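In: Sequence and predicted structure are below.
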Amino acid sequence: MSDAPAPEEKLSYRLISGPDNREFCERISNALAEGYVLHGSPAATFNGTSVIVAQAVVLPAAIASADAAVADAVDDLESSGEDLEFDGEGHA
C-alpha cells in the first residue's frame, strides 16, 4: 500500500498573471501543453515599474460541462410550459 499523496486534480479555471516577460509566456505555454485553452483576451496594466499581464485559461471539459448545464436548464424551462418573458434587465 502506498502512502504517496494523490496527484492534484487540475483546476478547471486558472488566471495566470505576472510581469510581461519570457517566464510569463512560458507559464502560458506550459498551461496550453497541459491541455488548457485560452479564455478571453489577455489583460495588461502598468504598475509604475513594469507591465503586468494576465491571461485566463480553462480546461475544455469545463467548457463542455458548463455548456451542457446551460442546455439542460434551457430544456427544463422550455418543458415547464411556463411562458416567461425577458424584461430587458436579466429577469424573466
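Out: Looks like it came in fine. Numbering: from 1, shown residues only.

In: all contacts plus neighbour counts: C-alpha atoms, from now on.
Out: Noted.

In: Identify the residues contacting the longest strand along the chain?
Out: When the chain is parsed with DSSP state E, its longest strand is strand 37-46. Residues from elsewhere that reach strand 37-46, judged by CA atoms under 8 Å, 6 or more residues apart in numbering: 31, 32, 51, 52, 53, 54, 55, 56, 57, 58, 59, 60.

In: got a list of what the last one touches?
Out: It stands for residue 60. Each residue near residue 60 by CA under 8 Å, 6+ apart is listed here: 35, 36, 37.

In: Now, of these, which are buried?
Out: For the contacts of residue 60, a neighbour count by 16 or more other CA atoms under 10 Å gives the buried set as 36, 37.

In: Adding distance to residue 47 and pLDDT, write the contacts of residue 60 out as CSV.
Out: Shown next, in CSV, are the contacts of residue 60 (distance: CA to CA, whole Å; pLDDT from 0 to 100):
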residue, distance to residue 47, pLDDT
35, 31, 96
36, 28, 97
37, 27, 96
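
In: and stretch 13-25, C-alpha only, in CSV?
Out: In CSV, the C-alpha atoms belonging to stretch 13-25 read as follows (Å, rounded to 0.1, in the frame of the first residue of the first chain):
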residue,chain,number,x,y,z
TYR,A,13,-10.1,27.6,-14.5
ARG,A,14,-6.8,29.4,-13.9
LEU,A,15,-5.8,33.1,-14.1
ILE,A,16,-2.1,33.4,-14.8
SER,A,17,-0.6,36.8,-14.1
GLY,A,18,2.8,38.3,-13.8
PRO,A,19,5.3,40.6,-15.5
ASP,A,20,5.2,40.6,-19.3
ASN,A,21,8.4,38.6,-19.8
ARG,A,22,9.5,35.2,-21.1
GLU,A,23,8.7,33.5,-17.9
PHE,A,24,5.0,34.6,-18.2
CYS,A,25,4.9,33.3,-21.8
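
In: All set now, cheers.
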